[in-house]
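Novice: my questions are about this predicted structure, shown below with the sequence.
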Amino acid sequence: MLNHNRFKDIDELFSAGRISEARHLLMEMQARYIAVCDENALLKMQVHEFEDILYLARNLVFDGSCYWLVAGGIKQGPFCPRCYNREGALIRLDAEDTGDGKWRCATCGTVIDREYAQAPLPPSLARRSAKVLSFNGGSRGVS
C-alpha cells in the first residue's frame, strides 16, 4: 500500500539538498505504485470472472436433459450437461443429420433425446400478475 506521507518526506529531502536519499525514496514509492497497479489489474480480472460466473448462475437453466442459456427472453442452446457438470464448459449440442430426433455432443459424445429436452422459461421471465396501486389508496390486480 502507498503511504502518501512519504511524498512529504521526499519533498523535505529535496528541499534539504539530500538529493540521493530523496531519489532512493522516490524509486521505492514508484516500485510500490507499480505493485499496487498490478494488484488492481489482477483484482479487476477477478471481478470480471466473478461477473461471468454470476451471469451464468442467473441465466443458465437445466430442463432435466440439457442446459439452456436464457437472456432477455432469448433461449440459446442446448448445451451438453456432461461437459458443463464436469468441466464447466458450455458445449452446444448438435442435431443429428440422420433425423433420429437426438442431439449429440461433439466433445464427449453424450446423446440427448430432443423430445424430452424443452427449454423452459425461468421464473423471472414467466408472465406474472402485477398489482397496480392507485393514488387514492385502492388497488387492483393486472395480468
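Specialist: Great, that's in hand.

Novice: pull the CA atoms of stretch 89-96 into PDB?
Specialist: Output of stretch 89-96 as PDB, limited to C-alpha atoms (Å, rounded to 0.1, in the frame of the first residue of the first chain):
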ATOM      1  CA  ALA A  89     -17.700 -25.800 -20.500                       C
ATOM      2  CA  LEU A  90     -20.800 -24.800 -22.400                       C
ATOM      3  CA  ILE A  91     -20.600 -27.100 -25.500                       C
ATOM      4  CA  ARG A  92     -23.500 -26.700 -27.800                       C
ATOM      5  CA  LEU A  93     -25.300 -30.000 -28.800                       C
ATOM      6  CA  ASP A  94     -25.600 -30.700 -32.500                       C
ATOM      7  CA  ALA A  95     -28.700 -32.100 -34.200                       C
ATOM      8  CA  GLU A  96     -28.100 -35.400 -35.900                       C
END
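
Novice: contacts for it, please.
Specialist: By C-beta atoms under 8 Å, 6 or more residues apart in numbering, the surrounding residues in contact with stretch 89-96 are 56, 60, 66-67, 69, 77-80, 83-84, 102-108, 110, 112, 114. Any C-beta I mention is one placed from the backbone N, CA and C, and that applies to glycine too.

Novice: now it: buried residues?
Specialist: Neighbour-count burial for stretch 89-96, counted by 16 or more other C-beta atoms under 10 Å, picks out Ile91, Arg92, Leu93.

Novice: got TSV for the residues you listed, with secondary structure and distance to Ala16 too?
Specialist: Converted to TSV, the buried residues of stretch 89-96 look like this (DSSP: H, G, I helix; E, B strand; the rest coil; distance: C-beta to C-beta, whole Å):
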residue	secondary structure	distance to Ala16
Ile91	coil	67
Arg92	strand	69
Leu93	coil	73
